[in-house]
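>>> Pasting the sequence and the predicted coordinates here, then a few questions.
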Amino acid sequence: MDDLLRFPVGKCPKLKTIGSDQLKQWTKAIEEFPSRVKTAVEGLSDKELDNPYRKDGWTIRQLVHHLADSHMNAYVRFKLALTEKRPVIKPYVQDLWAKQPDYEGPIDPSLGILEGVHHRWAKLLHSMKPEDFEQTYVHPEYNDEYDLKESLCQYEWHCRHHLAHIELAKKNYK
C-alpha cells in the first residue's frame with residue numbers, strides 16, 4: 001500500500017528505445033504541465049495546501065515548491081548537456097530543500113517559476129534535432145550518464161508522479 005501512495009503512477013520507466021513520437025508526446029506534456037498544476041491547486045486554502053499526500057509525505061505546498069526547484073534544475077541540465085561535452089551536473093538534497101523556509105511561503109511565485117521555466121524548456125525541446133537528444137550529462141550521485149531522451153522521460157514521469165501526489169492530498173483532505 002505504501003508503494004501505491006509513494007508511486008501512484010508507478011516507478012519511472014526505463015525504456016530501451018525512445019522514438020520521435022514519444023519525444024513529441026513528452027514535450028507536449030512538459031509544455032502543458034504548469035496549467036495542469038495551476039488547475040489542480042486552484043482555490044485551495046492554506047490549510048488544504050498544508051495537507052500531505054501520505055503520512056510523512058510532502059504537503060501540496062511543498063510539492064509545488066519542489067516542482068519549481070526540480071524543473072529549474074532540469075532545464076539547466078538540458079542547457080548544459082546541449083552546450084558542453086558530458087557536463088557533470090550539480091545534484092541537490094531535495095528533502096533538505098523542502099525544509100527551507102521558502103517552502104512555507106505562498107505557492108504563486110513557484111507557479112510563476114514553473115510557467116516560465118516550462119515555457120522556455122518547451123521552446124528548447126521543440127527546437128531540438130534528434131541528435132540533440134543524444135547529448136548527455138553525468139549525474140555524480142548515481143555515477144551514471146544520462147542522455148536527454150532518458151532525462152525527458154524521467155521529467156515527464158516526474159510531472160505525472162507529483163501531480164498524482166497533489167490529487168491524493170486533495171482526496172485525503174476531504
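Noted; the coordinates are in hand.
>>> for the protein, which helix is longest?
Of all segments of type helix in the chain, defined using DSSP state H, the longest is helix 148-173.
>>> Pull the distance from it to the chain's centre.
Chain-centre distance of helix 148-173: 7 Å, with C-alpha atoms, centre = their mean, to the nearest Å.
>>> Output the contacting helices and strands for it.
helix 20-41, helix 46-49, helix 60-83 (3 or more C-beta pairs under 8 Å, 6 or more residues apart in numbering; DSSP states H and E). C-beta: built from backbone N, CA, C; applies to glycine.
>>> quick one: residue 57 and residue 168, what's the gap?
Separation of residue 57 from residue 168 (C-beta to C-beta, to the nearest Å): 8 Å.
>>> which of the two has more neighbours?
Neighbours were counted for residue 57 and for residue 168 using other C-beta atoms under 10 Å; residue 168 has more, 19 against 16.
>>> which non-adjacent residue is nearest the more buried one?
Once flanking residues are discounted, residue 168 sits nearest to residue 53: 4.1 Å by C-beta to C-beta, 6 or more residues apart in numbering.
>>> Quick one: residues contacting the one you found.
5, 59-60, 63, 165-166, 168-169, 172 (C-beta atoms under 8 Å, 6 or more residues apart in numbering).
>>> so where's this structure uncertain?
1, 174 (pLDDT under 70).
>>> And residue 99, its phi and psi?
phi -100, psi 0 (degrees, to the nearest 10).
>>> hang on, the earlier thing: including distance to residue 49, could the contacts of residue 53 go into a markdown table?
Output for those, formatted as a markdown table (distance: C-beta to C-beta, whole Å):
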| residue | distance to residue 49 |
| --- | --- |
| 5 | 19 |
| 59 | 7 |
| 60 | 5 |
| 63 | 9 |
| 165 | 13 |
| 166 | 10 |
| 168 | 14 |
| 169 | 9 |
| 172 | 13 |
